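**Student:** I'll drop the sequence and a predicted model, then ask my questions.
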Amino acid sequence: MSADFATMQINGRMTGDPKRFDVGSTSKAVFSVAVNRRFKNKKTDEWDKRTTYIDCVAWGPNANHVEQHGKKGAKVALTGNWETDRYINGKNEEVKRSHVNINNISIFTVRSEDDMKKESAPSTEEIPF
């Protein structure tokens, strides 16, 4: 019997710094990704933008990678499986929460303004020749 998965590929930006937890002996990192989508509004005939926010969970080595390199505003490209957790809250109501359980992630680091200023500032060192 084979398992069925809802596999997703997401490209977007991290909405905040990841939060890392230890679950037993395994690392877990949670964060959210904003994905912008452009579409033509049929009523106004103008281009509109809609942002979708997707909760993500990384485990083990992926969690460590996200913690070390991920930060708010960083571009990410990831693949993972869509999952929905269910639980009963304090009001005895069933709550459903969906997220992407990450299989692979690439993080394209965002440079700070200070880093960019340092790179563009002229060097004060003397050239030895």
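**Tutor:** Yep, it's here. Numbering: from 1, shown residues only.
**Student:** Contacts for the longest helix seen in the chain, please.
**Tutor:** When the chain is parsed with DSSP state H, its longest helix is helix 60-69. Identification of contacts with helix 60-69 by Cβ atoms under 8 Å, 6 or more residues apart in numbering yields 18, 20, 26-29, 31, 58, 102-105, 107, 109. All C-beta atoms are positioned from the backbone trio N, CA, C, and that covers glycine.
**Student:** Return a PyMOL selection command for the buried portion of the residues you listed.
**Tutor:** The buried subset of those, as determined by 16 or more other Cβ atoms under 10 Å, is captured in PyMOL by this line:
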select buried, resi 18+20+27+28+29+31+58+102+105+107
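**Student:** And the furthest pair within the contacts of helix 60-69?
**Tutor:** Checked with Cβ to Cβ, the contacts of helix 60-69 reach their widest spread between Thr26 and Thr109, with 24.8 Å between them.
**Student:** Helices of the chain, residue ranges please.
**Tutor:** According to DSSP H, the helices that the chain contains are 60-69, 113-120.
**Student:** and those, which one is worst for confidence?
**Tutor:** Of all those, the minimum mean pLDDT falls on helix 113-120 (a mean of 57).
**Student:** Tell me the spacing between the nearest residue to Glu46 once chain neighbours are set aside and Glu93.
**Tutor:** Distances taken as Cβ to Cβ, 6 or more residues apart in numbering place Lys40 nearest to Glu46, at 7.3 Å, with adjacent residues excluded. From Lys40 across to Glu93, the span is 39 Å (Cβ to Cβ, to the nearest Å).
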